[in-house]
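**Q** Here is a sequence with its predicted model. Questions after.
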Amino acid sequence: EVHLTARLLRQLEADYQERVPRPKNTNRKGDPELLNCEPARYESKVQLLHAMFDGEVPSGYTIHGRRFRELAECCVGFSLPSSIVAEDKTAMNLGGLSRLDRDQ
């Protein structure tokens, strides 16, 4: 189980490196952001991608050569302590985002 957890964390880190959030008022440091809503609740993959990228899906490729529009093929759900999560109230119309505070 520890080996699987370590693999999952490495994959989450690699995924984050491919889509680092642009700094904005609610996330000035570009901390990792997670959706608060299950992907199946979106009407389409396009709507899900818009939520993931805060309204605008980048064109082109990630640093690992994947097209941005081809991301979000699966969902990994997990619980986090509220002490490390900051909810982005401005993103509620897109399904909601939470920012992970790397300093906590």
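**A** Structure received. Numbering: from 1, shown residues only.

**Q** Could you pull up the mean pLDDT of the helix ranked longest in the chain?
**A** The helix spanning the most residues in the chain, taking DSSP state H as the definition, is helix 2-18. Averaging pLDDT along helix 2-18 gives 77.

**Q** partners of the next helix or strand after that helix, with directions?
**A** Using DSSP states H and E, the next helix or strand after helix 2-18 towards the C-terminus is strand 33-35. Here strand 33-35 has these sheet partners by DSSP bridges: strand 97-100 (antiparallel).

**Q** what about C74, neighbour count?
**A** C74 has 6 neighbouring residues, counting by other Cβ atoms under 10 Å. Any C-beta I mention is one placed from the backbone N, CA and C, and that applies to glycine too.

**Q** May I have the secondary structure class of it?
**A** Under DSSP: H, G, I helix; E, B strand; the rest coil, C74 falls in the coil class.

**Q** So it versus D15, what's the distance?
**A** Going from C74 to D15 by Cβ to Cβ, to the nearest Å gives 10 Å.

**Q** Alpha carbons only: can I get the longest helix of the chain in PDB?
**A** Output in PDB follows, covering the C-alpha atoms of helix 2-18 (Å, rounded to 0.1, in the frame of the first residue of the first chain):
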ATOM      1  CA  VAL A   2       2.900   2.400   0.800                       C
ATOM      2  CA  HIS A   3       4.400   1.700  -2.700                       C
ATOM      3  CA  LEU A   4       1.000   2.500  -4.400                       C
ATOM      4  CA  THR A   5       0.700   5.700  -2.400                       C
ATOM      5  CA  ALA A   6       4.200   6.800  -3.400                       C
ATOM      6  CA  ARG A   7       3.400   6.100  -7.100                       C
ATOM      7  CA  LEU A   8       0.200   8.000  -6.900                       C
ATOM      8  CA  LEU A   9       1.900  11.000  -5.300                       C
ATOM      9  CA  ARG A  10       4.600  11.000  -8.000                       C
ATOM     10  CA  GLN A  11       1.900  10.900 -10.700                       C
ATOM     11  CA  LEU A  12       0.000  13.800  -9.000                       C
ATOM     12  CA  GLU A  13       3.300  15.800  -8.900                       C
ATOM     13  CA  ALA A  14       4.000  15.100 -12.600                       C
ATOM     14  CA  ASP A  15       0.400  16.100 -13.500                       C
ATOM     15  CA  TYR A  16       0.800  19.300 -11.500                       C
ATOM     16  CA  GLN A  17       4.000  20.100 -13.400                       C
ATOM     17  CA  GLU A  18       2.000  19.900 -16.700                       C
END
